[in-house]
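Peer 1: Model the structure of this input:
(one chain, ligands or ions: 1)
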Amino acid sequence: MRAIVAPRYGPPDVLRCEDVPTPVPADDEVLLAVRAASVNPADRMFEAPVPMLRLMTGLRRPKDPRVGHDVAGVVESVGRAVTRFAPGDAVFGVCRGALAEYACAKQSALADMPRGVSFEDAAAAPIAGLTALQGLRDHGRTRAGMDVLINGAAGGVGTFAVQIAKALGAQVTGVCSTRNVELVRSIGADRVIAYSRDDFTRDPQRYDVLLDCVGNRPLTAYRRVLKPGGRCVLVGAPPRIAVMLARIVGAAALSPLSNRKLGAFVARVRAADLEALRDLMASGAVRPVIGRRYAMTEASDAFRELDTRHARGKLVVTVAGTT
Ligand SMILES: NC(=O)c1ccc[n+]([C@@H]2O[C@H](COP(=O)([O-])OP(=O)(O)OC[C@H]3O[C@@H](n4cnc5c(N)ncnc54)[C@H](OP(=O)(O)O)[C@@H]3O)[C@@H](O)[C@H]2O)c1
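Peer 2: Numbers count the residues shown, from 1 in each chain. This next block holds a predicted model:
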């Protein structure tokens, strides 16, 4: 089968589309014929991770050259312990090596495809959708009537977050560039702030929940825009390990000093939450925003666009030969 692999660390140019053996599912896994995948910042481990991370990912070259996690496809065969799926089922979720014609996924990391939704739309959803859902519902404790701000509303996580916050009944403000104001409004934001014109941390409006997908403002400024009892959920940060750690530690240090809470989290892959996303998509409450589609041979281009940190919605890779 053909798969995208990263034989060494480096920029997206290192990616190759190669013939590799078709994987064999473990007992609790299914083998998927991949129809579509999407890319996430976390997939860029091949882009020269810091030395500390290389202890885990491989010192000289990636130990695991497979690329991609978000996937949608059709079950080809199942391991002995798989009870939730059978060959022929259309599913979406998270796996290792999604940018390939075939990939193995644990049954607990998959859900049935939403009815009436394309493989490309479903492949856009898993990591960004789970992050938005868990960030807003569990960590932000978003309830109907709350005021919610999404910083980075036009990106992968942000476009899901705007729609999920609306589905939870919140009043939503989105922050994005001027070129994306109409997009963010079109997916349901009640108010949109263009960051080139206005700084939301200097705005008089206060929020119950701030979901931060960018990490470009001081934590004290985030705290200032929260209502008493409000919560700031840190999802993203500039891709430098020192900055990320400083923000996580800073949030933990600031929170006990006030009744406005700040905290970072990492999304978990749970079947029940994939099913919640499936239902939101099937009902039309959430429609994935796909900024651009790439063929599998153009995977490097997808990562180059992701590296700009200005991708619009999700970047989807359609896997040729199986669609
Ligand atoms: N904690 C977790 O479990 C988890 C899970 C997934 C992702 N993440 C992290 O969350 C972050 C976002 O992920 P993503 O998949 O949404 O990335 P993404 O799709 O690459 O996000 C790009 C978006 O960021 C927006 N942006 C850039 N600068 C901005 C600014 N100054 N103010 C507001 N928006 C700005 C861009 O909008 P404009 O073009 O309009 O500027 C663009 O649409 C990343 O740091 C990622 O690593 C964390």
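Peer 1: so how far is residue 124 from the residue of the stretch 51-200 of the chain found nearest the ligand?
Peer 2: Closest residue of the stretch 51-200 of the chain to the ligand, C-beta to the nearest ligand atom: residue 155 (2.5 Å). To be clear about C-beta, it is placed using only N, CA and C from the backbone, and glycine gets the same treatment. Counting by C-beta to C-beta, to the nearest Å, the separation of residue 155 from residue 124 is 12 Å.
Peer 1: neighbour count winner among the two?
Peer 2: When neighbours are counted by other C-beta atoms under 10 Å, residue 155 and residue 124 differ, and residue 124 comes out ahead with 33 against 28.
Peer 1: Which residues are in contact with that one?
Peer 2: Shown here is residue 124, whose contacts under the criterion C-beta atoms under 8 Å, 6 or more residues apart in numbering are 38, 70, 156, 288-290, 313-314, 316.
Peer 1: Can you tell me which of the residues you listed is nearest residue 182?
Peer 2: When the contacts of residue 124 are compared for distance to residue 182 (C-beta to C-beta), residue 289 wins out at 12.1 Å.
Peer 1: In terms of pLDDT, where does that closest one sit?
Peer 2: As predicted, residue 289 sits at a pLDDT of 98.
Peer 1: What of residue 247?
Peer 2: We have a pLDDT of 89 for residue 247.
Peer 1: if I pick it, what's in contact with it?
Peer 2: Contacts here follow C-beta under 8 Å, 6+ apart; on that basis residue 247 touches 215, 219, 234, 237, 264.
Peer 1: do the same with residue 27
Peer 2: 79-82.
Peer 1: so which helix or strand takes in residue 82?
Peer 2: Using DSSP states H and E, no element contains residue 82; it sits outside every helix and strand.
Peer 1: And for it, the neighbour number?
Peer 2: Residues lying near residue 82 (other C-beta under 10 Å) number 19.
Peer 1: need the strands for the stretch 51-200 of the chain, in chain order.
Peer 2: According to DSSP state E, counting those that start in this stretch, the stretch 51-200 of the chain carries its strands in the segments 70-78, 90-94, 102-106, 110-112, 147-151, 171-176, 191-194.
Peer 1: looking at these, which is buried most?
Peer 2: Mean neighbours per residue, mean count of other C-beta atoms under 10 Å, is largest over the strands of the stretch 51-200 of the chain for strand 147-151, with a mean of 29.
Peer 1: Tabulate the strands of the stretch 51-200 of the chain (CSV), appending mean pLDDT and distance to residue 248.
Peer 2: Shown next, in CSV, are the strands of the stretch 51-200 of the chain (pLDDT from 0 to 100; distance: least, C-beta to C-beta, whole Å):
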stretch, mean pLDDT, distance to residue 248
strand 70-78, 98, 24
strand 90-94, 98, 23
strand 102-106, 98, 28
strand 110-112, 98, 30
strand 147-151, 98, 17
strand 171-176, 98, 21
strand 191-194, 98, 25
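Peer 1: Reformat those strands as a markdown table; add distance to residue 301.
Peer 2: Listed next are the strands of the stretch 51-200 of the chain as a markdown table, based on distance: least, C-beta to C-beta, whole Å:
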| stretch | distance to residue 301 |
| --- | --- |
| strand 70-78 | 17 |
| strand 90-94 | 23 |
| strand 102-106 | 21 |
| strand 110-112 | 28 |
| strand 147-151 | 27 |
| strand 171-176 | 23 |
| strand 191-194 | 27 |
